[in-house]
Structure formats: structure tokens, C-alpha cells
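Novice: this one's structure only:
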Ligand SMILES: [Zn+2]
């Protein structure tokens, strides 16, 4: 019996181990997961099942029908003048830590390299590697910007940014990935059910429960069940290969690395749909994800954080080239605000609603921090985050004085 325990524990541990992902330090990613079917009726459930977390550790559901995706705050800001590593419009309660603000004019960028999950520009640590740009893409972007004139560069950069804010494009991509991986999900689910049934049978002392005759019959059938499971395993791998080839035709190396592990570790087949979805869904801003498939509450919460980060940004710990960094970040904030505004219209929410001053939480409260929403008894001054306090709304008439109340 003990060898069954060990085998079963090792099998499921391999699956659960694969479900946990830890991202590099100094960067929090937004992890989005859900499950969906092919029919329009089931697709409606995307919204109910999808959830988003902004953290360094992601735990995905160990379900063969589940999909997952990773989205990121913008790891850098750019403008026609250059690029800096200041994050604007973060959807996290705690924005990514920035030790030193670095900014470069486009024509001064000589190299972009990837080192340990980070991008380095001109041999200086710059920002985290995200779905928006790896080293080669950032190098291509900077080389193109260095070649273009000022006006053409502004148009080009606005187009690049707009490409990260396309909810309808994301919805179409989700539907496409869902449809392409549905056969894979069915085969993987069959094997998951077989594995789960056998695990429960042996762990719960099945042979004693069903009696001698049935126990012998099941033992006789085990090789046949194993053969079925092996055939289904191969079928799932074939459909995974076909799905990835259709969704990402130019990425053969990525396809091989995803399928190689699953070929020799059967529990990993249960995660193939999630892995293919994460690898092939387009890089989109987390707010786009929430606008496209998030619940109203989740969208409001993250949109409010993003707007507050745009309106009342935190100063970096060290900022050697303060003026150029601030000019670049300001240009980016203006453009991101426009894109965020489009998403708010899509979800029928106004910025005024999200940024309105809160009701006082006590008779003594006089002011609040518009960024972290903490309340204070002093009438003015600064919050510990460095933002100037604003007067509190005293009555429902709306006396907020920040220009955002209706
Ligand atoms: Zn504050």
C-alpha cells in the first residue's frame, strides 16, 4: 500500500508544483485565470469565473479546462524625447518599487540586454521583463525611435501604446484560444478524471470496500485503463501541438519546451491549456483585461487605483535626471489617461465617480490623502506617501474642493 501512496502523492504533487509561479523580485504581475467552454452560452461565464490578482506569487487552478494569463503594469514610460523606467497608472495598491529612476534619450541607447528577468539599457538595470517587450523588442523600438523625426516618433509611440489597450482584440483572442484548445481540454479532462478516480479508489481502501470479486476485476482491468490513458495522453499532446501551431505559428522553440515537459510528466498535460493560453494571448494592460472580462467590482477597484496613480504619482526614491524623467512620465500619463478614459466609457463609469472625496469616517476627520484614501484629523499637510492632503466631504452635498466631485 505504501508504494501506492508515494506514487499518487508524487503524481499530484507534480501537478500542484506546476500550478505555483513566483515572479522575480521588485515586480508584481497581474495573474488572471478562469475556465471557459466553446458555446456562446458558456462563454458568458468567462466574466463570472475570471479573477485577477496583483502579486509576486500566482497560484493557478489545477483544472484541465482552466486558462491563465499574465498582465503587467507598464514597466516603463516613453515619449518622443526618450524612455524612463517609471511605471504610470499602476493597478496595484502598492506600485512596483523603483529604487533609481533611469531615463535615456532614444539616440543615446546603445544596448538592451536581458539579465535574470530584468532588462538592462547601456549596462544599467532598467526594468522587469514583461509581456510588452523583451530585450529584442525594446531594442527594435528604441532603434526605430532614434531613426524617426519628432512628429513621426510621437505618432508611432501613440500607436504602440494604443496596441496595449484593445479590449475587443483581447476578447477575440480569448475566444480564439478557447476554441483552439477545447479538444485538448476534453482529452486532458478525461485523463484527469481517470487519475482522480484511481487515486481515490486506492487511497480510500477501495479493494476492501468493493469486495474481492470486484477488486480482482479492477486489478485485471488496470493495464487496459493504463493503455487508454496513454492513448488519450498522446492525443492531448497532438491537439496541444496543433493548437499552439495555429495560435503562434512562428514560435516552434516555445512549442517544443511546453510539450516536452508534458510528454514525460503526465500531470503536466492537465495544465497544457493554461500554458498555451498564457503563451499566446496578447500583451494587454491589466485594465483592458478587467474591462473585457472582469466583474464590475474588480474593474472599479483597479481602475480607481490606476487613476489615482496617474493623478497623484509617487516620487521615485532616487531620480538623478529629474527633469527629463518627469517630462517623459508626464507625456505617458496623458496618453494612458486617454486610453483609461476609453475603458471607463466602455464600462459606463466616470473618473469623477472613482476619484470623488470619501465621506468622513468620524466627527474628527478633516482631510484625506487622495492617493491612499487615508483620513486625517489635521485640516491640511502631507500624507506619509508624500501627497498633499485634501479637505474631506462633510455632507452629501459634495464639498470636496478637488474638482472631481459632481
Ligand atoms: Zn497617501
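Specialist: Yes, it's here. Predicted model, so just to flag it, every value in this text is computed and none were measured.

Novice: how much space between residue 13 and residue 20?
Specialist: Here the criterion is CB to CB, to the nearest Å. By it, residue 13 lies 11 Å from residue 20. Placement of C-beta: from N, CA and C, glycine included.

Novice: Which helix in this structure has the most residues?
Specialist: What stands out as the longest helix in the chain, according to DSSP state H, is helix 212-247.

Novice: I'd like the next helix or strand past it.
Specialist: Using DSSP states H and E, the helix or strand that follows helix 212-247 towards the C-terminus is helix 252-264.

Novice: now for the longest helix of the chain, which elements pack on it?
Specialist: If you count contacts as 3 or more CB pairs under 8 Å, 6 or more residues apart in numbering; DSSP states H and E, helix 212-247 packs onto helix 167-180, helix 182-203, helix 206-210, helix 252-264, helix 272-280.

Novice: Show me what the last one is packed up against.
Specialist: Same thing as helix 272-280. Helix 272-280 packs on strand 66-72, helix 167-180, helix 182-203, helix 212-247, helix 252-264, going by 3+ CB pairs under 8 Å, 6+ apart.

Novice: what about those, which gets the closest to residue 86?
Specialist: strand 66-72 (14.3 Å; CB to CB).

Novice: average pLDDT for the closest one?
Specialist: Mean pLDDT, strand 66-72: 88.

Novice: ok, and the closest non-adjacent residue to residue 122?
Specialist: By the measure of CB to CB, 6 or more residues apart in numbering, the closest residue to residue 122 outside its immediate chain neighbours is residue 110, 5.4 Å from it.

Novice: doesn't residue 139 make contact with that neighbour?
Specialist: No: contact criterion CB atoms under 8 Å: residue 110 and residue 139 do not qualify, at 10.0 Å.

Novice: More neighbours: which of the two?
Specialist: residue 139 (17 against 10; other CB atoms under 10 Å).

Novice: Just say helix, strand or coil for the more buried one.
Specialist: Secondary structure, DSSP: H, G, I helix; E, B strand; the rest coil: residue 139 is helix.

Novice: and it, what does it touch?
Specialist: Residues counted as contacts of residue 139 (CB atoms under 8 Å, 6 or more residues apart in numbering) are 109, 111, 112.

Novice: Turn those residues into TSV, including secondary structure, neighbour count and pLDDT.
Specialist: Compiled in TSV, the contacts of residue 139 are given as follows (DSSP: H, G, I helix; E, B strand; the rest coil; neighbours: other CB atoms under 10 Å; pLDDT from 0 to 100):
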residue	secondary structure	neighbour count	pLDDT
109	coil	20	94
111	coil	11	94
112	strand	21	95
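
Novice: any chance of these in CSV, with distance to the ion too?
Specialist: As requested, these are exported to CSV (distance: CB to the ion, whole Å):
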residue, distance to the ion
109, 34
111, 38
112, 35
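
Novice: Output these in TSV; the columns should cover distance to residue 232.
Specialist: Shown next, in TSV, are the contacts of residue 139 (distance: CB to CB, whole Å):
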residue	distance to residue 232
109	51
111	48
112	44
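
Novice: which ones are touching the closest residue to residue 99 other than its chain neighbours?
Specialist: Leaving aside its chain neighbours, residue 99 sits nearest to residue 317 (5.6 Å; criterion: CB to CB, 6+ apart). Listed by CB under 8 Å, 6+ apart, the contact set of residue 317 reads 98, 99, 100.

Novice: gap between residue 317 and the ion?
Specialist: 16 Å (CB to the ion, to the nearest Å).

Novice: Domain map for the chain?
Specialist: Split into domains by automatic domain parsing, the chain comes to 2-21+169-280, 77-166+286-351, 357-406.

Novice: Looking at the ones you listed, which one is packed in the most?
Specialist: domain 77-166+286-351 (a mean of 18; mean count of other CB atoms under 10 Å).

Novice: Kindly present the helices and strands packed on helix 272-280 as a markdown table, with separate columns for distance to residue 124.
Specialist: Listed next are the helices and strands packed on helix 272-280 as a markdown table, based on distance: least, CB to CB, whole Å:
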| stretch | distance to residue 124 |
| --- | --- |
| strand 66-72 | 21 |
| helix 167-180 | 33 |
| helix 182-203 | 43 |
| helix 212-247 | 36 |
| helix 252-264 | 29 |
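
Novice: between those, which gets nearest to the ion?
Specialist: strand 66-72 (23.8 Å; CB to the ion).

Novice: Note down every partner strand of that closest one and its orientation.
Specialist: Here strand 66-72 is paired, per DSSP bridges, with strand 29-35 (antiparallel).

Novice: residues making contact with the strand it pairs with?
Specialist: 21, 23, 45-46, 49-56, 58, 60-61, 63, 65-73, 91-92, 130, 274, 286, 289, 293.

Novice: Mind doing that once more with 7 Å?
Specialist: With contact meaning CB atoms under 7 Å, 6 or more residues apart in numbering, strand 29-35 is reached by 23, 46, 49-55, 58, 60-61, 63, 65-72, 91, 286, 289.

Novice: List only buried entries from these.
Specialist: Among the contacts of strand 29-35, those classed as buried by 16 or more other CB atoms under 10 Å are 23, 46, 50, 52, 54, 58, 60-61, 63, 65-72, 91, 286, 289.

Novice: wait, what's in contact with the closest residue to the ion within the stretch 201-350 of the chain?
Specialist: Closest to the ion within the stretch 201-350 of the chain is residue 312: 8.0 Å, counting by CB to the ion. With contact taken as CB under 7 Å, 6+ apart, residue 312 is in contact with 370, 371, 387.

Novice: Residue 263 versus that one, what's the distance?
Specialist: As for residue 312, its distance to residue 263 is 51 Å (criterion: CB to CB).

Novice: Understood, closing this out.
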